[in-house]
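**Q** compute the structure for the input listed below.
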Amino acid sequence: LRVADIDTQGLGAFGVRATDTAGGGIEAWVSGLVATSGDGATGIELGSTGTIQLVANAVSSSGEDATAISALGEAGVTLEVGTVQGGWDAANGVQFGSTVAGIASTLTVVAGGDLSALSDQTVRGAAGDEAVVLAGHAVGGMELGAGDDTLRILQGGRFDLRNFADTDGDGQRDTEGASAPNLSFGAGLDDYLDLRTGGVLGLAVVGPDDIGTITGLETFDNRGLITLADAGNGGSAPGAGDKLYAQAGIYTGLTGALLHLGARPHAGGATQLTDRFLIDGGADGTTLVSILNDLGQGAATGNGNTDGISIAQVSGMAGPAAFQLANPEVAGAWRYEIVAFDPGSSAASERDVMLPANPFWDYRLQSSFYDGVFEYAALAQGANLLAQAALGGLLERPDEPPAIAAPAQSADLGATDAQLAVRPTAGDG
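**A** All right, here's what the predicted structure looks like:
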């Protein structure tokens, strides 16, 4: 099946629809634009008792419960898509997978592609084992099925967690569902999030304190970048106050693992303002943390288990090296370091409400006086002395210039002679 441009409208409209009940499978190449509009509309709907293969360039559906692509095949589904957008309410960007447990299916968003939905329900899985591979961009939420599922974010790929939906069909997002899971891996026993080198997992900027949640995950490997700082997610400032909660059996910071957080380096404690990464599970390896300063001037924090600024918490097994600063963080006359409090020394009062009531690791920014401020002062004084030496006598007050003597005048004063004769000399006169 090969398809070029299609544009349909109406209640329950379809752009492309194909059904196979004989088990022979479906193969479709859609090189043009498929656009449908209307409540319950579907851009591309494929169903088979065999396999499904689809390559689609651009698909959009607008309307209540209008899904862009639906592909359900008993023997597995392979999708490769570019730009896809679904409608609002119960709509999906892409619904795909096998209706049979244990059967593998794959959805790939190609480089330059973009996957979204006005419902912010970007991907919905089925009963099999689904893999979503992002070489391009996806934003919103994903609800994968009951099988062993994978999200793999490749170099140049990006997934921005968001739950901000259009709930009235006017084409504008109006409701943020901060408590709903943004990324659900279902009830599988081997669910995997693989963030590769050059890949990005972000938190889309909606409000001042956004929350992203990942649930049902067994393994989370990070070789790329996790960013909660608003400035790295489309905002104009660090915008501290966001959270990412990951329910994971084990999170591992592998070589290249980065975490960007917005925070306000100040006294902290009861007034701390920061983004925070929460792991409901264990943490291994090392993740390098960069702090984007949100107007912090620096201050003494103290060194107790409630002092400073809690930037990461882990409810399971971890170690002091799980989170380390990528570069020294200096604010004013204060240098901040990450201090790890293990479950035997962390303060229960500091546990984030999103974590279970278990002993936890608490990674806190705490400050000490930065001797480098004296170096700055010495450098400034030295630069001033060097400047004076280079300018030399130019910095001294010049002597009084000599008076300008009037030229000898002839009996007949010409115009030039007259001008010179009345030009004032230096000093009095």
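**Q** touching, residue 56 and residue 83? I think so.
**A** No: in terms of CB atoms under 8 Å, residue 56 does not count as a neighbour of residue 83; the distance is 9.2 Å. Any C-beta I mention is one placed from the backbone N, CA and C, and that applies to glycine too.
**Q** quick one: which of those two has more around it?
**A** For the pair residue 56 and residue 83, the greater number of neighbours falls to residue 56 (27 against 20), based on other CB atoms under 10 Å.
**Q** now do the SS call for the more buried one.
**A** Under the three-state scheme (DSSP: H, G, I helix; E, B strand; the rest coil), residue 56 adopts strand.
**Q** name the nearest residue to it, ignoring sequence neighbours.
**A** Nearest non-adjacent residue to residue 56, counting by CB to CB, 6 or more residues apart in numbering: residue 30, 4.3 Å away.
**Q** can you give me the helices in this protein?
**A** Taking DSSP state H, the helices of the chain run over residues 372-391, 415-421.
**Q** among those helices, which gets the worst mean confidence?
**A** Out of those, the stretch the model trusts least by mean pLDDT is helix 415-421, with a mean of 34.
**Q** so where's the stretch 51-200 of the chain uncertain?
**A** Flagging of the stretch 51-200 of the chain using pLDDT under 70 yields the residue ranges 178-181.
**Q** for residue 297, grab the count of nearby residues.
**A** With neighbours defined by other CB under 10 Å, the count for residue 297 comes to 12.
**Q** identify the residues contacting residue 139.
**A** Contacts for residue 139 (CB atoms under 8 Å, 6 or more residues apart in numbering) come out as 114-116, 120, 122, 159-160, 162, 204.
**Q** got a ChimeraX select line for the buried ones in the residues you listed?
**A** Buried residues within these, as defined by 16 or more other CB atoms under 10 Å, are selected in ChimeraX through the command that follows:
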select :114,115,116,120,122,159,160,162,204
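**Q** what about the contacts of residue 139, which are in strands?
**A** Restricting those to those inside strands, with DSSP state E as the criterion, leaves 114-116, 122, 159-160.
**Q** how about the strands of the stretch 251-400 of the chain, start to end?
**A** Secondary structure of the stretch 251-400 of the chain (DSSP state E, counting those that start in this stretch): strands located at 258-263, 276-285, 287-293, 309-314, 323-325, 329-331, 334-341, 361-369.
**Q** out of these, which is closest to residue 211?
**A** With distances scored as CB to CB, the stretch of the strands of the stretch 251-400 of the chain nearest to residue 211 is strand 276-285 (9.8 Å).
**Q** pull out the buried positions in the closest one.
**A** Along strand 276-285, the positions that meet the burial threshold by neighbour count (16+ other CB under 10 Å) are 276-285.
**Q** again with stretch 36-54
**A** For stretch 36-54, a neighbour-count test (16+ other CB under 10 Å) marks 36-49, 51-54 as buried.
**Q** what do you get for stretch 322-337?
**A** In stretch 322-337, counting by 16+ other CB under 10 Å, buried: 322-324, 329-331, 333-336.
**Q** which among these gets closest to residue 60?
**A** Closest approach between these and residue 60, by CB to CB: residue 323, at 40.9 Å.
**Q** correct me, but the closest one touches residue 258?
**A** No: proximity of residue 323 to residue 258 does not meet the contact threshold set by CB under 8 Å, at 11.0 Å.
**Q** got any residues that touch both of those two?
**A** The contact lists of residue 323 and residue 258 share 287, 289, where a contact means CB under 8 Å, 6+ apart.
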